[in-house]
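# Need a 3D model of the sequence below.
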Amino acid sequence: MMTDHDRRRAVASEYAQYACLDELLHLQWPRTQAPAEMSFIITTQVMELYFKLLKHEWTAACAKLEAGDIRGAVVDLRRGHGVQDALIASWEALRTLTPGEFDEFREAFGAASGIQSELYRDLEQALGVPYPSRGEDAPSLEASAARALERRGFDGWLAAYRAADQNPDLFDLGEALYDAAERFTRWKQRHLISVWHSMGEKKGSAGTSGAEWLARGVHQKYLPELWNVRSEAWA
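Numbers count the residues shown, from 1 in each chain. Below is the predicted model of the structure:
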């Protein structure tokens, strides 16, 4: 007869199997004895997992846009907003990392850099950043949304916003896309602040100039047409 203890062990085992915890929790391999390196590794891995989840949501949104399901695409985008909020909050795990603590393991990862993230590039491409070497068939929120507007007889977001009363679903889509673009920019801004805190203006990895390089892109407006309509549609 199974005891309560046995049942708890069985449930825990099923949970561990479902979440692949044996594999997941053995993927952290610090290269130094620095206490803060584990935080850096886990935060990096968590962000990559969130990138993967966000790509999943945006790919689903693109498919629904191509199928004419505007409302469904908005649902996917809004679910992605929660992922993006978690991504922004992920920087909190490194908020207390001092330059001295970072220097204890900085050399151990050599030329490794977040700019080498394939998933990050996929997300930027979805927001309209061209990456010719990555192919033009990758899901693109910008392109899928433009085709959705064209099918409804609009040549851009300004016209759609000015007809929002007759097309509330397109207005909701535009706002959901804007919120996604804004959150992406805020993640980059939070990245810059984290770098300033942990390494100041020191040279970055992978040949970048560090904070100086990041600062050049923190005000980038992804899906710029949706930023412009905010000063034009209600004029």
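# roughly how far out does the longest helix belonging to the chain sit from the chain middle?
The residue-count maximum for a helix in the chain (DSSP state H) belongs to helix 168-199. Relative to the mean C-alpha coordinate of its chain, helix 168-199 is positioned 9 Å out (CA atoms, centre = their mean, to the nearest Å).
# helix or strand right after it?
helix 211-215 (DSSP states H and E).
# which strands and helices sit next to that next one?
Under the contact definition 3 or more CB pairs under 8 Å, 6 or more residues apart in numbering; DSSP states H and E, helix 211-215 sits against helix 168-199. (Glycine included, C-beta is placed from N, CA and C.)
# The helix it packs on: which residues count as buried?
The neighbour-count criterion (16 or more other CB atoms under 10 Å) identifies 170-185, 187-192, 194-195, 197-199 as the buried residues of helix 168-199.
# With stretch 31-43 instead?
Buried residues in stretch 31-43 (16+ other CB under 10 Å): 34, 36-37, 39-41, 43.
# Need the CA coordinates for the worst-scoring helix or strand of the chain on mean pLDDT. PDB is fine.
When the helices and strands of the chain are scored by mean pLDDT, DSSP states H and E, helix 4-18 comes last with a mean of 78. Listed next in PDB are the C-alpha coordinates belonging to helix 4-18 (Å, rounded to 0.1, in the frame of the first residue of the first chain):
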ATOM      1  CA  ASP A   4       1.800   9.500   1.900                       C
ATOM      2  CA  HIS A   5       5.500   9.700   1.700                       C
ATOM      3  CA  ASP A   6       5.600   7.500  -1.400                       C
ATOM      4  CA  ARG A   7       2.900   9.600  -3.000                       C
ATOM      5  CA  ARG A   8       4.900  12.800  -2.400                       C
ATOM      6  CA  ARG A   9       8.000  11.200  -3.900                       C
ATOM      7  CA  ALA A  10       6.000  10.000  -6.900                       C
ATOM      8  CA  VAL A  11       4.500  13.500  -7.500                       C
ATOM      9  CA  ALA A  12       7.900  15.100  -7.200                       C
ATOM     10  CA  SER A  13       9.400  12.600  -9.600                       C
ATOM     11  CA  GLU A  14       6.700  13.300 -12.200                       C
ATOM     12  CA  TYR A  15       7.200  17.100 -11.800                       C
ATOM     13  CA  ALA A  16      11.000  16.600 -12.200                       C
ATOM     14  CA  GLN A  17      10.400  14.500 -15.300                       C
ATOM     15  CA  TYR A  18       7.900  16.900 -16.900                       C
END
